[in-house]
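**Student:** Just to be clear, the model below is a prediction. Sequence and coordinates:
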Amino acid sequence: MTGLRIEGSDDLQRVADALKAAGDGGLQKAVSGSIRAEARPLGLRVLRLGAAEMPRRGGLSARVAAGSAGVSSSLRGRVASVTVVLRNKGIDLKAMDAGVVRHPAFARADRDRVWVRQSVPEGAFRRAFAAEATGVRSKAVDAAQGVLNDVARKA
């Protein structure tokens, strides 16, 4: 599991501060939901972009791309944050991002099966996140603003 986190974006922090001042838990929940809905596709894009840099032989790239992503957001704490968590059972995405993948080498008649370490492109997921995060930051803040505007219109 690999976690990527956006903290303290000025716009996101302003939205969080406004929600705290309003003191409406339902409104905070609606805004958090809209932020998560905008950020969830980011995790899937990061998985697919990072997987594209992994070796294709043996199916590693396809197995990595088949993972899932989760999003959590916190608007109540001291620092507003959105966390995207990449999940893939049996695959150490954090080690892959550090440039190493560990896998079994198949046994031959004269040897037992052994586990080997193989180098892969370092920072594949961080680069993918950096490339995609800027657009998602503004979309998440726009989604939060949209919820606030809807509430203001209804009031």
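**Tutor:** Arrived safely.
**Student:** Name the residues of the helix ranked longest in the chain that are buried.
**Tutor:** Taking DSSP state H as the criterion, the chain has its longest helix at helix 124-154. Within helix 124-154, the residues scored as buried using 16 or more other C-beta atoms under 10 Å are 124-125, 127-129, 132-133, 136-137, 139-141, 143-145, 147-148. Just so you know, the C-beta spots here come from the backbone N, C-alpha and C atoms, and that holds for glycine as well.
**Student:** do stretch 90-109 as well
**Tutor:** Neighbour-count burial for stretch 90-109 [16+ other C-beta under 10 Å]: 91, 93, 96, 97, 101.
**Student:** Of these, which belong to strands?
**Tutor:** residue 101 (DSSP state E).
**Student:** Format the buried residues of stretch 90-109 as a markdown table; extra columns: pLDDT and distance to residue 114.
**Tutor:** Listed next are the buried residues of stretch 90-109 as a markdown table, based on pLDDT from 0 to 100; distance: C-beta to C-beta, whole Å:
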| residue | pLDDT | distance to residue 114 |
| --- | --- | --- |
| 91 | 85 | 19 |
| 93 | 86 | 23 |
| 96 | 89 | 20 |
| 97 | 90 | 24 |
| 101 | 89 | 15 |
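**Student:** For the buried residues of stretch 90-109, name the two members farthest from one another.
**Tutor:** Between any two of these, the greatest separation by C-beta to C-beta is 11.2 Å, found for 91 and 97.
**Student:** Find the residue at the geometric middle of this protein.
**Tutor:** Geometric centre of the chain, nearest residue: residue 84, 2.8 Å, by C-alpha atoms, centre = their mean.
**Student:** So it belongs to a helix, correct?
**Tutor:** No. Counting by DSSP: H, G, I helix; E, B strand; the rest coil, residue 84 is located in no helix; its state is strand.
**Student:** Please report the confidence value the model assigns to it.
**Tutor:** pLDDT, the model's per-residue confidence, is 79 for residue 84.
**Student:** Show the contacting residues for the closest residue to it other than its chain neighbours.
**Tutor:** Nearest residue to residue 84, sequence neighbours excluded (C-beta to C-beta, 6 or more residues apart in numbering): residue 43, at 4.4 Å. Residue 43 is in contact with 4, 68, 69, 70, 71, 84, 85, 86, counting by C-beta atoms under 8 Å, 6 or more residues apart in numbering.
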